[in-house]
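**Student:** Sequence first, predicted coordinates after that:
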Amino acid sequence: MRTVSRSARCSLLCLLAVGILGVTTPAPAPPTPAAPTSSEQAYRALDSYLQEQLDDVGIPGAAVAVVQHGVQVHSAAFGRADDSGRPMTTQTPVLLASTSKSLTAIAVMQQVEAGRLRLDEPVQSYLPWFTMNDSRASTITVRHLLHQASGMSSKDTAFEASDAQGPEALEEGVRALAGAPLDRAPGEAFHYANANFNILGVLVQTVTGQPFGDYLEQHVFGPLEMSNSHPTRAAARADNAAAGYSRWFGSFWLRTDVPVPAAGMPSSTLYASAEDLGHQLTALLDGGRYGDARILQPGSVAAMFEPRVQVDGSKGYAMGWFTRPLFESADPAAPPVPDSALPRLVEHQGEWGNSHTYLAMVPESGLGVALVINGNDTAAPSRLKAIDTNVLRILYGQSPVPAVVFEDWLQRYSWAVAFVLLLAELVSLWAALRFLLPRRAAARKRWAPLAWAVVALALDAFALWLCLAYAPARFDTHLFVIIRQFPDVGVSLVPVLALALLWPVPRTVWLLARLRLGSPDNARSRPG
């Protein structure tokens with residue numbers, strides 16, 4: 001029989017021990033993300049950060065409200081509401097832009113609870129007249145609209161340049177979609193379009209027999225004690241709403257009036273104060289209850305927060321809310337935390353030509369944040385979006401990070417591109433007059449006007465392609481929206497379009513006439 005040496009036995013025992021320890025020793029647990037802090041020190045840090053942003057970026061005014069476990073734990077306001085120097089307050093109404101959608105989603109789910117709407121029922125069941133320039137529109141359901149999955153695109157359904165303020169504007173805007181195509185099949189994928197929620201607003205007013213704005217005031221704003229919230233611009237201004245500001249030419253802030261059409265009420269043009277938005281977040285975080293009032297059942301709130309459509313990566317879209325892991329709660333200096341270990345964030349930003357708003361909730365911790373800013377940097381909105389995420393970082397005990405501007409060159413410098421195009425068109429106009437005016441024509445060689453005419457036509461064609469095709473496709477909106485919502489671009493773009501559209505034909509006709517009159521044959525036939 002073969003014997004095993006003592007050293008060999010020891011080696012074997014060591015190997016067995018290592019193997020057993022390797023199997024039974026648990027892997028180190030991933031770092032635990034921070035919990036939100038409710039200390040006065042954190043709120044002072046938050047206020048200090050927001051004041052710094054007003055000073056450094058030049059933002060005119062801002063207001064913030066923080067709620068936790070059904071209680072408003074902090075609120076503050078900074079800067080001015082308008083050029084008179086009137087201070088911004090937490091009760092000052094501000095244009096909400098896309099955070100309006102969260103209020104519309106509440107109204108829709110109220111009608112679902114009442115049995116007047118069914119989520120998977122086609123829109124045409126309630127609006128028999130609803131149609132689009134695509135037969136697939138008949139399959140668009142209420143759920144498709146809530147989840148931004150109807151197949152509509154923003155460019156083909158844009159309304160943001162309208163000035164309509166009448167009570168009929170909302171339905172008229174939806175009826176106008178009859179000529180719009182679908183970008184893809186309903187239910188196929190996420191594609192953000194404000195028109196989805198405008199249709200939802202018409203559904204609510206149709207099944208209730210009540211104008212959408214009146215319905216919100218009675219069944220949403222009233223129960224939530226949102227006394228500084230309004231469905232129309234006129235009502236908001238009567239309540240001393242904040243003026244809107246835009247950052248012109250990437251340099252300075254200027255009070256700017258941009259269209260706020262009633263046709264976009266359910267998606268974009270509601271008004272509310274930071275304090276009122278805190279009431280909304282309190283109710284949603286408490287399963288639909290605010291004080292003694294109940295606006296929704298807990299099951300409806302849970303359905304609102306459930307993402308049914310993937311946006312990208314770990315981001316999804318629920319009903320008027322984006323959802324994602326709360327990356328801001330993790331310590332950037334610690335080992336990475338898996339997405340599944342992070343709290344779930346429910347959020348939405350609002351971007352208008354002169355307004356920026358942000359709503360966020362962390363259902364796991366009962367935290368809610370409402371931020372309103374009465375201005376927007378349309379060339380680089382990432383500057384203000386960085387403020388949103390830094391507010392979350394501060395509330396979770398982390399340090400804010402510098403803003404990173406990630407917009408491409410065309411968006412950041414679109415005002416400069418428009419100005420260069422205008423300058424080129426003016427030079428073209430000046431050159432045309434030098435060639436075509438009688439006192440100059442005789443001194444020119446015959447080929448020079450022809451060569452210049454080709455260059456001028458090429459410039460006009462490029463300007464029209466950029467304005468009518470490339471830019472609307474690039475920004476997924478209509479040219480008129482760019483002109484009306486981005487005034488520092490529009491101030492140059494309007495004369496560019498006028499020159500590129502109206503001047504080429506008379507210029508070419510005039511040129512041909514001058515060349516014909518100046519030809520050798522015509523010169524010999526002149527009396528003299």
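**Tutor:** Looks like it arrived, so ask away. Numbering: from 1, shown residues only.
**Student:** And whichever helix in the chain runs longest, what's buried?
**Tutor:** If you go by DSSP state H, the chain has its longest helix at helix 414-436. Residues of helix 414-436 classed as buried by neighbour count (16 or more other C-beta atoms under 10 Å): 414-419, 421-422, 424-425, 428, 432, 435-436. All C-beta spots, glycine's among them, are computed from the backbone N, C-alpha and C.
**Student:** Do you have the strands of the stretch 351-500 of the chain handy? List them.
**Tutor:** Here the stretch 351-500 of the chain has its strands, by DSSP state E, counting those that start in this stretch, at 355-362, 367-373, 375-376.
**Student:** what about the stretch 251-400 of the chain, any weak spots by pLDDT?
**Tutor:** Counting by pLDDT under 70, the stretch 251-400 of the chain contains no low-confidence segment.
**Student:** can you pull out the helices in it?
**Tutor:** 274-285, 298-304, 382-395 (DSSP state H, counting those that start in this stretch).
**Student:** So which other helices or strands are in contact with the second one?
**Tutor:** With contacts taken as 3 or more C-beta pairs under 8 Å, 6 or more residues apart in numbering; DSSP states H and E, helix 298-304 sits against helix 100-113.
**Student:** following the helix it packs on, which helix or strand shows up next?
**Tutor:** helix 142-146 (DSSP states H and E).
**Student:** If the residue nearest in space to the middle of the chain is in a bridge, with which residues?
**Tutor:** Centroid-nearest residue in the chain: Glu351, 4.1 Å away (criterion: C-alpha atoms, centre = their mean). Glu351 has the following beta-bridge partners by DSSP bridges: His356.
**Student:** Can you give me the pLDDT of Asn228?
**Tutor:** pLDDT for Asn228: 98.
**Student:** Name the SS class of it, please.
**Tutor:** Put simply, Asn228 is coil when judged by DSSP: H, G, I helix; E, B strand; the rest coil.
**Student:** unless I'm mixing things up, it is touching Ala272, no?
**Tutor:** Yes: using C-beta atoms under 8 Å, Asn228 makes contact with Ala272 at a distance of 6.9 Å.
**Student:** Show me the common contact partners of the two, please.
**Tutor:** Pro93 (C-beta atoms under 8 Å, 6 or more residues apart in numbering).
**Student:** what's across from Ile373 in the sheet?
**Tutor:** Applying DSSP bridges, one finds that Ile373 bridges with Ala62, His356.
**Student:** Was I right to think it contacts Ile59?
**Tutor:** Yes: with contact defined as C-beta under 8 Å, Ile373 reaches Ile59; the gap is 5.8 Å.
**Student:** Which one's more surrounded, those two?
**Tutor:** Ile373 (33 against 24; other C-beta atoms under 10 Å).
**Student:** list the contacts for the more buried one?
**Tutor:** Ile59, Gly61, Ala62, Val94, Ser355, His356, Thr357, Leu384, Ile387.
**Student:** ok, now how distant is it from Gly213?
**Tutor:** Here Ile373 is placed at a distance of 24 Å from Gly213 (C-beta to C-beta, to the nearest Å).
**Student:** Gly250 now?
**Tutor:** Distance of Gly250 to Gly213, computed by C-beta to C-beta: 36 Å.
**Student:** more crowded one of the two?
**Tutor:** Gly213 (21 against 15).
**Student:** how far away is the residue lying closest to the more buried one once chain neighbours are set aside from Pro167?
**Tutor:** In this structure, Gly213 finds its nearest non-sequential neighbour in Pro231, 3.1 Å apart by C-beta to C-beta, 6 or more residues apart in numbering. Separation of Pro231 from Pro167 (C-beta to C-beta): 10 Å.
**Student:** next one: Val311
**Tutor:** Noted for Val311: a distance of 34 Å to Pro167, by C-beta to C-beta.
**Student:** When the two are compared, which one has more neighbours?
**Tutor:** Neighbour count, other C-beta under 10 Å: between Val311 and Pro167, Val311 has more, with 17 against 14.
**Student:** quick one: low-confidence parts of this structure?
**Tutor:** Counting by pLDDT under 70, the chain contains low-confidence ranges at 1-34, 38, 438-448, 517-528.
**Student:** follow-up on the earlier one: intersection of neighbour lists for Ile373 and Ile59?
**Tutor:** Contact criterion C-beta under 8 Å, 6+ apart; residues shared by Ile373 and Ile59: Leu384.
**Student:** re the thing from before, look at Asn228 and Ala272 and report which has more neighbours.
**Tutor:** Neighbour count, other C-beta under 10 Å: between Asn228 and Ala272, Ala272 has more, with 30 against 23.
**Student:** From Arg255, how far off is that one?
**Tutor:** 20 Å.
**Student:** same question, Leu367
**Tutor:** Per C-beta to C-beta, Leu367 is found 34 Å from Arg255.
**Student:** Between those two, which has more neighbouring residues?
**Tutor:** Neighbour tally, Leu367 and Arg255, criterion other C-beta under 10 Å: the higher count belongs to Leu367, 26 against 14.
**Student:** My read is that that one contacts Glu347, right?
**Tutor:** No: using C-beta under 8 Å, Leu367 makes no contact with Glu347, being 11.5 Å away.
**Student:** so what's in contact with these two at the same time?
**Tutor:** Contacts common to Leu367 and Glu347, judged by C-beta under 8 Å, 6+ apart, are Met361.
**Student:** I'd guessed Asn390 sits against Pro402; true?
**Tutor:** No: using C-beta under 8 Å, Asn390 is not in contact with Pro402, being 9.2 Å away.
**Student:** quick one: which of the two has more around it?
**Tutor:** Set Asn390 next to Pro402 and count neighbours by other C-beta under 10 Å: Asn390 wins out with 21 against 6.
**Student:** Contacts only, for the residue lying closest to the more buried one once chain neighbours are set aside.
**Tutor:** The shortest distance from Asn390 to any non-neighbouring residue, by C-beta to C-beta, 6+ apart, is to Pro400 (3.7 Å). Contact partners of Pro400, counting by C-beta under 8 Å, 6+ apart, are Tyr49, Asn390, Arg393, Ile394.
**Student:** Return the closest of those with respect to Phe78.
**Tutor:** Ranked by distance to Phe78 (C-beta to C-beta), those are led by Tyr49 at 10.4 Å.
**Student:** which SS state does the closest one fall under?
**Tutor:** Recorded secondary structure, Tyr49: helix (three-state DSSP).
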